[in-house]
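Peer 1: when you get a sec, could you give me coordinates for this:
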Amino acid sequence: MKTLVKYILLAVAMLMYAGCSNHPPSAAQFMNVKENGTGLGLGTSIRSGDIYRGEPSYRSDDYDCVEDRANLDLALLFRYGYGVFGLSTEDMTVRMNLGMLSKYIGLQGWGGIAPAMVGSEGDPFFGGMMLIEEYPVTKMFRVGVSEYISRNAYKVDENLGGLGFYSSDFYEEYGGGFYISYDALSFEFRYGREIGEPRNRFYFTINWLYLDKDDKKTSDVNVRK
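Peer 2: Below you'll find the predicted structure:
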């Protein structure tokens, strides 16, 4: 019970933050959550390719694009039966996670709100869906692939009379990737193609998922079904 209270307090603290950027979360971390278990994830992502960085926004010269090349990932995920839900962050941007998984297949959804850029069209929502297929080579070692479609958010710096102010702009993306996991540690690569623009992005992610001790004992007995 004390552990659960700590997790709830952490989730409330995460909700107090708001950020400006979001990209698809880790497929491996999602699949690592054990049956009837609780996972606290920590990781980092590095991006390369045609990211929006140090260039005027295509919407207006008053805005500079500052899509980050790297970020810190945190996640608090709960699993009951086949269902998974929780919260995760990309730096200080909070998103909700919801999905389902079995031994070989996972379906992950995520979403949240970021402050939209002044003058931009559309809603200030980001999110997406990801299909994951995993093969357990051994009990500890697993490999998997993923396919996704998403609406991503990235930071823009509004130069309001010389005073910088961060908000967000958005783009749609589809792509796929693969990962390897050993116990709670995972390494992941993902490729994304922006919809409507000739921009390609490459994601490299490392994640580690801490399982509550009581949940870990349960998961060692009940292999994921």
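Peer 1: any weak-confidence spans in this structure?
Peer 2: 1-19, 54-63, 116-122, 158-166, 212-225 (pLDDT under 70).
Peer 1: could you pull out the helices for it?
Peer 2: Assigned by DSSP state H, the helices in the chain fall at 2-15, 27-31, 213-221.
Peer 1: all strands for the chain, in order.
Peer 2: Along the chain, the segments classed as strands by DSSP state E run 38-49, 53-56, 63-66, 70-80, 83-90, 93-101, 105-113, 125-136, 141-160, 163-182, 185-194, 200-211.
Peer 1: how close does residue 143 sit to residue 111?
Peer 2: Using Cβ to Cβ, to the nearest Å, one obtains 28 Å as the distance from residue 143 to residue 111. For glycine as for every other residue, the C-beta is placed from the backbone atoms N, C-alpha and C.
Peer 1: residue contacts, the residue positioned nearest the centre of the chain?
Peer 2: For the chain, the residue nearest the mean C-alpha position is residue 25 (2.0 Å; Cα atoms, centre = their mean). Neighbouring residues of residue 25 by Cβ atoms under 8 Å, 6 or more residues apart in numbering: 73, 75, 88, 90, 95, 97, 108, 110, 130.
Peer 1: just put the residues you listed in CSV and tack on neighbour count.
Peer 2: Conversion of the contacts of residue 25 to CSV gives the following (neighbours: other Cβ atoms under 10 Å):
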residue, neighbour count
73, 20
75, 23
88, 24
90, 24
95, 24
97, 23
108, 24
110, 23
130, 24
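Peer 1: which one of those residues is nearest residue 66?
Peer 2: Of all those, residue 66 sits closest to residue 90, with 14.2 Å by Cβ to Cβ.
Peer 1: settle this for me: that closest one is touching residue 71, isn't it.
Peer 2: Yes - the pair residue 90 / residue 71 is scored as a contact, 5.1 Å apart, by Cβ atoms under 8 Å.
Peer 1: what touches both of the two?
Peer 2: Here residue 90 and residue 71 have 21, 23, 45 as joint contacts, going by Cβ under 8 Å, 6+ apart.
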